[in-house]
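Peer 1: Output the structure for:
(chains A and B)
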Amino acid sequence: MKNEYDIIVVGAGPAGSMAARFAAEQGVSVIMLEKDRDVGYPVRCGEAISRAGVEEFIEPDERWIKAHITKFCLVAPDETEVTLQFDARQEGYVLERRIFDYELAKTAAKAGAQILTRAYVNGLLFDGDKVCGVKYEHQGEQKELKAKIVIAADGVESRVGRWAGLKTHIDFRDMESCTQITAANIPVNDDTLYFYFGKDVAPEGYFWVFPKGDNTANIGLGVSGATGKKKSAKAFLDEFMAKHYPDAPILTYIAGGVPSSVTLDKISAPGIALVGDAARQVNPLSGGGIASGMIGGSIAGKIAAEAIKTNKPGHLLTYDKAWNKRLGKRHAVFNRIKEGIFNFSDEKFNKIARSINKIPYEKRTLGKVFTTALINQPSLLVDVAKVFVV
Amino acid sequence: MEYRQAKTGRLMIDILPDKCDFCGCCVGVCPEDAIELKEAEIFIIDKRCTNCSKCIWSCPVEVIVFNKEGVLR
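Peer 2: Below is the predicted model of the structure:
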């Protein structure tokens, strides 16, 4: 370990690992600090991702793919089921993230990045207004480490960004507070992601059952802080389990937060860039953040390394624009669609499900589903057309 | 009896660490950066807390509680 690095990445999730890798690949010195003792554990995630989202960064590997997904099953409040098959472009996986995250971190290491676990970052160093390193605790000792650029991949907490003066705290209504059980003896199809909607199961969000092979599944939900005021995610999950799988053995019970909003207004400042959940780079409609976090991380890592190599610190600030061009604007559209859909009444969900079931099975696409859902909201139809080939 | 002091007076919010999963929802919504979360250790930085309750509403597992009487030292 050196006394000083070009880049410090805080957090070793998918976004942090990709930031570290894409920076290190350009020959600058990089260290990634992880507060937990393990990279990739504990997992706080439903673990579903599109194949395209994986393939951009790592060769798919059966060691961390637990299920191959080709179908969605949407369950309306009255239990009307709508199944739709993906086209090849939308195929997906359910991951074993404790292995997946580890492998991603190894690609960063292979590119030349240093990694240190149990390193808890608790402050920043400044040179005037510019961030120039971190304060961290490691094995009971308080230390400092200097760097030209700090990349904050510290997840939903996003404290590193605040210390640099960025407004990162999330409105409690936009925080989807989640609980999830990984349970055994769950008889589900291994090729299908199940989504349940309705006021009783998951108001202003959805309830998921994602298969993980061998009749195990991730079963969970997120509720916004507005709902959480009255009833917690845990209470909803316990009710669902009691109703559907009362005797299922529980392998994991985990909590977590998904920042379900548009990307922060500012995700870079002198000497610092934010990536992944810390930058609110989650797809606000699906709540998926693995692929978009890796994309955000890769863009920030690359731009940070360029800024160092060309000795142009201001270049880092072009990251905001690059992110918005690649995904940020799209997420803004997804957020509007989300707001249109998540306020539906149960009756409306039921009606939509029945309408979709009238579309011949082979002609049902995700675009058609959203169009059907939003048929009475013409302004949102334009948004749907923007993101799906309808 | 000695109570813990919040920024705005008596601290009324308490985190029950024994039940906590250390997920970070509360940290993400805290407008005052008043919650410190390590690997498996969590506490309120009393002097920053304003008792706004946002952490309570966003806790998925009900481990943050509000006590009008205040939190004892």
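Peer 1: From residue A:138, how far out is residue A:19?
Peer 2: Applying CB to CB, to the nearest Å, the value for residue A:19 to residue A:138 is 21 Å. Just so you know, the C-beta spots here come from the backbone N, C-alpha and C atoms, and that holds for glycine as well.
Peer 1: of those two, who's got more company?
Peer 2: Neighbour totals were compared for residue A:19 and residue A:138, and residue A:19 leads with 37 against 16 (other CB atoms under 10 Å in any protein chain shown).
Peer 1: which residue sits closest to the residue nearest the centre of chain A, ignoring its sequence neighbours?
Peer 2: By CA atoms, centre = their mean, chain A has its centre lying nearest to residue A:289, at 1.6 Å. In this structure, residue A:289 finds its nearest non-sequential neighbour in residue A:282, 3.8 Å apart by CB to CB, 6 or more residues apart in numbering or on different chains.
Peer 1: Can you give me every residue that contacts the one you found?
Peer 2: Residues in contact with residue A:282 (CB atoms under 8 Å, 6 or more residues apart in numbering or on different chains) are A:258-261, A:288-289, A:292-293, A:331.
Peer 1: Go through these and flag which are in strands.
Peer 2: A:258-259 (DSSP state E).
Peer 1: what would the contacts of residue A:282 look like in JSON lines with pLDDT?
Peer 2: Shown next, in JSON lines, are these (pLDDT from 0 to 100):
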{"residue": "A:258", "pLDDT": "96"}
{"residue": "A:259", "pLDDT": "95"}
{"residue": "A:260", "pLDDT": "93"}
{"residue": "A:261", "pLDDT": "94"}
{"residue": "A:288", "pLDDT": "94"}
{"residue": "A:289", "pLDDT": "96"}
{"residue": "A:292", "pLDDT": "97"}
{"residue": "A:293", "pLDDT": "98"}
{"residue": "A:331", "pLDDT": "96"}
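Peer 1: Quick one: buried ones out of the contacts of residue A:282?
Peer 2: Of the members of the contacts of residue A:282, the ones counted as buried by neighbours, 16 or more other CB atoms under 10 Å in any protein chain shown, are A:258-261, A:288-289, A:292-293, A:331.
Peer 1: Can you pull up the residues of the stretch 251-390 of chain A that come close to chain B?
Peer 2: A:254-257, A:259 (CB under 8 Å from any CB of the partner chain).
Peer 1: Now that we have those, which of them are buried?
Peer 2: A:254-257, A:259.
Peer 1: May I ask which helix or strand of the chain has the lowest mean pLDDT?
Peer 2: Just going to use chain A. helix A:378-387 (a mean of 71; mean pLDDT, DSSP states H and E).
Peer 1: hm, I was asking about chain B
Peer 2: Per mean pLDDT, DSSP H and E, bottom of the list for chain B is strand B:9-10, a mean of 93.
Peer 1: what are the pairing partners of that one, and which direction each?
Peer 2: strand B:5-6 (antiparallel) (DSSP bridges).
Peer 1: which stretches of the stretch 1-150 of chain A form helices?
Peer 2: A:14-24, A:51-55, A:97-110 (DSSP state H, counting those that start in this stretch).
Peer 1: do chain B as well
Peer 2: B:25-29, B:54-58 (DSSP state H).
Peer 1: Quick one, which of these gets closest to residue A:249.
Peer 2: helix B:25-29 (26.5 Å; CB to CB).
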